[in-house]
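Trainee: I need the structure of the sequence given here:
(chains A and B)
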Amino acid sequence: MPILKDGRRRQKPVKNFRSTGEAMRISRYIIPTLKDDPSDAVIVSHRLMIRAGLIRKESAGMYVYLPSGLKVLRKIINIIKEEMDRSGALEFLMPELTSADLWKESGRWDTMGPEMFRIEDRNGMEYSLAPTHEEAFTAVVRSVISSYRDLPVNVYQINTKFRDEIRPRYGVIRSKEFIMKDAYSFDIDDEGLEKSYQTMRKTYRRIFERCGLETIPVEADTGSMGGSDSEEFMVASEVGEETLLLCGQCGYRANQEKAEYKITIQRNGAERSEDLEIVDTPGVKTIEDLVKFFNCPEEKFLKSMIYLADDDPVMAVVTGDREINELKLKNYLGANSIEIAPDAAVEKVTGAPVGFAGPVNDLKVKTVYDRSVREVVNGITGANKADKHYKGVNPGRDFTIKDEADITSAKGGDLCPLCGKPMYEKKGIEVGHIFKLGRKYTESMNVKVLDKKGKEITPIMGCYGIGVNRTMSAIVEQHNDERGIIWPQSVSPFDVHLIGIAKSESEISEADKIYHALINSGFDVLYDDRNVSPGFKFADADLIGIPLRLIVGKSYFKDGKIELKLRKSGETEHVEKGLLVERVRELIKIDN
RNA sequence: CGGGGCGUGGCGCAGUCCGGUAGCGCACAUGGUUUGGGACCAUGGUGUCGGAGGUUCGAAUCCUCUCGCCCCGACCA
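Mentor: Next comes the predicted model:
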């Protein structure tokens, strides 16, 4: 989206141009509010953004920003820009159409998969509509640095990304085209990277705070990029696509895909080992079925799943009450990709149909055991034969645990890995992510600088992203009530919402005077000058959500006082015309 | 990609089972009365019923194909 590329037509310079502000009269503005909820919006921010006239859907995963929506987006962008600049980062503008050569250099032309839009020009040259810009930035930086003296450097842009999402959803939260602030730091060594990373940690906290967003920074996985530290900035939300584990005691906070937990050892010491016994279990396959069939708690069962890790079969064994965390498994195995094995592969490995896999008698396939498995006494597991399970299964005696790791997801109630107190779960929307990238790109794309001794070294990178549109959605998600949006002043589309309730020509001209006085004092005013009922205007104002409302109506025409009302609390006060500008200035600063 | 649902005026929907003049609310236009929490009266305009093909005297409705959208799942910032 050429939001930053100034696509406006060139205009003749106008001398002494002064805005008349006419465009901010609602009667002349485009802010199409809706009384009814759009039928295809399910979450509150999506509904409100459409109803308040900020965005319109163009098609699945693509949205039009109408004038007031764009104003909000720009305010968020400005905050991000100011804070990034303050941190010392340098702003660029990268092409969105990137040549395939770049991606081939890093190897991602092949590994990116279908989420990257690929296109050809008329000559058959291949391009990608950039889903991210590691390669592009690495290439520019490579071309302009040559010495350790040039580092550290942190480069960024605020620009559109394209991703062919499997399923766009929740309005602007997951779309095919979105604006992202992406930054990449280059340092000569780990200490430098740590410094850059810490600077971004602080910068991100400031950015979200200024946007009026309460975020929960959590430990996260670094994804396929490798690297060590990683922090995601999450906004708590029912519709969040991520699950977080939080410790109320010590403040441990992690994404479920990364979260660790202390294992609870409650081995029933009194229970005697039983003999291994084979049981007919026709058609009993799932843990749920097994619980009913054996009338045993979930944790008695050994769930055995076959995966393909980089195409090699691997069995993962966990207790029945736990979910396998594929990411942990993948990381433990050091694999690039991991997926559930197709049925045919399962049958080949276990010699039985899907649903009857188990570790007893040690299959030839590599098997990874969760830490919980060793505690099981007289467990039940598949017998690697159709319609048969073993009971009385005991680790050590009936199978050998060679590879043991934490390969299950933490869940609410599990014990904090740091302090041992129970953790709780929360859903969250990811609005920002910072992580130490390492040398993946600087190595594959051969970035070198000379160090103090004249020796070639490969710089180390950090990567820092913020989803801008998503941030806007998250702000609405966090600031609304049953009547509409309640913008934080810092990102409000206008400074004030002026409502004129005038009944005669002279009253209209009085209200217009106030409007002009406000504009001339530098305020960005949305002026409801429509000839509709007061209730209609109030309801629209509530929906649009500008934090400060001024009403020129009954009380003004009676005793010359303008009514000021705060959207959030509903508090009102009446101010003399002469003191209005000053008072508005004070009120607008409160929230910032 | 699997499962489910939906496409009818600008928006929200009814009509589809059981074929027979396309409707309702809101919005819109004009005139009038109103004016501090989504006013009222009168008049008016608005539709290739998502698209294509078929069945039929006749299709929004039945059949076939197709496109789009939403939800759940898998997957992912």
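
Trainee: what's the burial count for A:Gly553?
Mentor: Number of residues near A:Gly553 (other C-beta atoms under 10 Å) recorded here: 19. Where you see a C-beta, it was placed from the backbone N, CA and C, and this is true even at glycine.

Trainee: excluding its backbone neighbours, what's nearest it?
Mentor: Once flanking residues are discounted, A:Gly553 sits nearest to A:Ile501: 3.4 Å by C-beta to C-beta, 6 or more residues apart in numbering.

Trainee: hmm, A:Lys366 and A:Asp312 touching each other?
Mentor: Yes. Shown here, A:Asp312 and A:Lys366 form a contact pair, counting by C-beta atoms under 8 Å, at 7.4 Å.

Trainee: so how far is RNA strand B from A:Phe354?
Mentor: Small correction: residue A:354 is Val, not Phe. As judged by C-beta to the nearest atom of the strand, to the nearest Å, A:Val354 and RNA strand B stand 16 Å apart.

Trainee: repeat for A:Gly358
Mentor: Following C-beta to the nearest atom of the strand, the distance that separates A:Gly358 from RNA strand B is 22 Å.

Trainee: what do you get for A:Phe494?
Mentor: For A:Phe494, the distance to RNA strand B (C-beta to the nearest atom of the strand) stands at 17 Å.

Trainee: not counting its neighbours along the chain, what's nearest that residue?
Mentor: Using C-beta to C-beta, 6+ apart and skipping the chain neighbours, the partner closest in space to A:Phe494 is A:Leu526 (4.2 Å).

Trainee: how about low-confidence regions in the stretch 101-250 of chain A?
Mentor: A:222-228 (pLDDT under 70).

Trainee: could I get the full set of strands for it?
Mentor: Ranges of strands within the stretch 101-250 of chain A are A:117-120, A:126-129, A:153-162, A:177-187, A:216-219, A:230-236, A:242-247, based on DSSP state E, counting those that start in this stretch.

Trainee: any buried residues in the fifth one, and which?
Mentor: Neighbour counts over strand A:216-219 (16 or more other C-beta atoms under 10 Å) mark A:217-219 as buried.

Trainee: give me the more crowded residue out of A:Asp312 and A:Lys366.
Mentor: Between A:Asp312 and A:Lys366, counted using other C-beta under 10 Å, A:Lys366 has the larger neighbour count: 15 against 11.

Trainee: the more buried one bridge partners, please.
Mentor: Note on A:Lys366: beta-bridge partners by DSSP bridges are A:Val314.

Trainee: sorry, back to before: tell me which of the strands of the stretch 101-250 of chain A sits nearest to RNA strand B.
Mentor: Closest approach to RNA strand B among the strands of the stretch 101-250 of chain A (C-beta to the nearest atom of the strand): strand A:177-187, 3.6 Å.

Trainee: partner strands of the closest one, with direction?
Mentor: Strand pairing for strand A:177-187, using DSSP bridges, gives strand A:153-162 (antiparallel), strand A:460-467 (antiparallel).

Trainee: which intervals of chain A have sub-threshold pLDDT?
Mentor: For chain A, residues meeting the criterion pLDDT under 70 lie at A:1-23, A:222-228, A:265-270, A:590-592.

Trainee: tell me the domain boundaries of it?
Mentor: The record's domain split for chain A, according to automatic domain parsing, is A:22-257+A:427-476, A:277-405, A:494-590.

Trainee: assign the residue nearest the centre of chain A to helix, strand or coil.
Mentor: Nearest residue to the geometric centre of chain A (C-alpha atoms, centre = their mean): A:Glu430, 2.1 Å. Following DSSP: H, G, I helix; E, B strand; the rest coil, we place A:Glu430 in the strand state.

Trainee: re the thing from before, and the strands of the stretch 101-250 of chain A as JSON lines, adding distance to A:Lys440?
Mentor: What follows is the strands of the stretch 101-250 of chain A, written out as JSON lines (distance: least, C-beta to C-beta, whole Å):
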{"stretch": "strand A:117-120", "distance to A:Lys440": "21"}
{"stretch": "strand A:126-129", "distance to A:Lys440": "18"}
{"stretch": "strand A:153-162", "distance to A:Lys440": "17"}
{"stretch": "strand A:177-187", "distance to A:Lys440": "12"}
{"stretch": "strand A:216-219", "distance to A:Lys440": "20"}
{"stretch": "strand A:230-236", "distance to A:Lys440": "14"}
{"stretch": "strand A:242-247", "distance to A:Lys440": "24"}
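
Trainee: just to revisit the earlier point, please tell me how far the residue nearest to the centre of chain A sits from RNA strand B.
Mentor: From A:Glu430 to RNA strand B the distance is 4 Å (C-beta to the nearest atom of the strand).

Trainee: can you count the residues close to the nearest residue to that residue once chain neighbours are set aside?
Mentor: Excluding the flanking residues, the one nearest A:Glu430 by C-beta to C-beta, 6+ apart is A:Glu232, at 5.2 Å. As a burial measure, A:Glu232 scores 26 neighbours (other C-beta under 10 Å).
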